[in-house]
Each structure stands twice: as C-alpha cells, then as structure tokens.
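1. Sequence first, predicted coordinates after that:
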Amino acid sequence: MLTGMTLFHALVVLHVITGAVGLTAFWGPIVTKKGALNHRKWGKAACYGFLGAGALAIAMAFLSLYGPEQRHPEITDRTLFDGLFGWMMLYLGTLTIGFVDYGLGVVKHNRNRRALRAARYQVVIAAVIITGAWCGYFGWLVGHPLMMLVAFIGIVAMLIQQRYIWRESDPPRGTHVGEHFRALIGMGISAYTAFLSVGLIRMVPEHVFNPAIWAGPSVIGVCLILYFTIKGKRSAAPKTASQSSGPSPHPQ
C-alpha cells in the first residue's frame, strides 16, 4: 500500500502531466478561429487536462491538510501553509472544475440557457462559492490578502455566471460565446495559479509566498478578458445608418 508521502508524490506527477496538457492546450482556442475544428480540438484538450489537474489539486489539498506527514518542513509558518497549500489549493481546484463545467455547459445549452439551472450545474457553482468563502475567511484570519483576493475574484465570477443563467429575459443571440470565452480564461487563471503552488516551491522556494508571482495569472487573465470583451462588443455593436447604407444621397 502506498504511504501518504508516496501517494502525494504520485498525485504531484499526475497533476504535472494533466496540468501541462491543459496549460499548453489552453492557448490553442485563443489563437485559433472560434468554432473551427482546431479550436474545438484544442479546447477539449485544455478542458480535459484542467479537469484532471483540478481534481488532483483537490486530492493534494486534502492530503496537505489531513495527511500523516508534514510536507515542506522548510516552511515554518504551518498555518499559512495550511491556508495556501490546503484551503486555497482546494478552492482553486474546485474553481478550475467550475469554470470548465460552465464553459462547456453554455456551449452545450446555448439554445436552452435554463438547462444550466439544473442541480447538476448548480451544485458545482455552489461548491466553488463555499470553498471560495472559506478560503477568503481563512485568509482574513491569517492576515493574507492573496487568499482573500483570489476568493473574491472567483466568487464574483460565479455570481456573474448566475446572472446569465437566471436572468428572466433571453440575452442577445451569441451572448453564450462571451460566457464561454470568459470561462475559458477563468479556468486558465485558476489552473495557472494552482500549478504555481506545486511547481514554484520546488524551483524558487524563497518566493513561494510572493504575492506578485501568485497574482500574475490573474492580472494577465483579467487583461485578456477585458481586451476580448471590449473587442467583441465593438464588433457586435449595431452599425449606424451611414455605415450600413453607405454615403447619403445628395439632397435634390
């Protein structure tokens, strides 16, 4: 039978493999033509990779919190360790799965948005909000703003998704594309942040608690969301009469 430490190392290896697939394939759907075959292939690879990485992150979080061995003894602040490598890892793994689930769901049910109100989707969203709230609360207890920040970002993202799901009137046609894209970027943010928590301590352990490094994926991801959201709104904006009909005729 595998010992706790051996099991943890096995999970790390699997996490690295699935995470590498997701992190590499993540950029495929962004640079390829939306809706094309390559876009769908890269998207599926990224989603499956992130699903595996998210599930393994959750397993490693529980082992870090409740496993028999004390991992990374070089870290003397064990409460902060529990926060970042336990509760925050648990939340980020759940958040990654939540983004993947929603991103696939809005495409699958683009003609029936109300299908996303089913318990099968709502339970996942609720799990993200609950783990995020606890992550933020724990961060407040230990005085670590990073935990509160990532919790706030994820909870707000879930509430935005719920607004799309539960709005009474149907949104404009094609709105699901923007929802799908934001979920894709969101899963990249959470996955990159979670991935750093495993690899960063091995490469540069002296910077493992550096908030600037941990905040990098969020900053880049939010900038991408803003850029493509503004770009999409401009392209979808109705043309003016002069743009649609050409130059107005001279008055007689």
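-> Noted; the coordinates are in hand.

2. Between the two ends of stretch 101-117, what distance do you get?
-> Its first and final residues considered, stretch 101-117 spans 13 Å by CA to CA, to the nearest Å.

3. I'd like to know how far residue 9 sits from residue 90.
-> As judged by CB to CB, to the nearest Å, residue 9 and residue 90 stand 19 Å apart. Bear in mind the C-beta positions are built from the backbone N, C-alpha and C, glycine included.

4. Which residue of the two possesses the greater neighbour count?
-> Per other CB atoms under 10 Å, whichever of residue 9 and residue 90 has more neighbours is residue 90, with 23 against 12.

5. Would you mind confirming that residue 177 makes contact with residue 39?
-> No - contact criterion CB atoms under 8 Å: residue 177 and residue 39 do not qualify, at 11.5 Å.

6. can you tell me which residues contact residue 45?
-> 21, 22, 25, 28 (CB atoms under 8 Å, 6 or more residues apart in numbering).

7. Which helix or strand contains residue 12?
-> Here residue 12 sits within helix 4-25, counting by DSSP states H and E.

8. Show me which residues of that helix are buried.
-> Under the neighbour-count criterion of 16 or more other CB atoms under 10 Å, helix 4-25 has 8, 11, 12, 14, 15, 16, 18, 19, 21, 22, 23, 25 buried.

9. mean confidence for the helix or strand just after it?
-> On the C-terminal side of helix 4-25, the closest following helix or strand by DSSP H and E is helix 27-31. The average pLDDT for helix 27-31 rounds to 80.

10. From the contact counts, what lies against helix 27-31?
-> If contacts are counted by 3 or more CB pairs under 8 Å, 6 or more residues apart in numbering; DSSP states H and E, helix 27-31 sits against helix 37-66.
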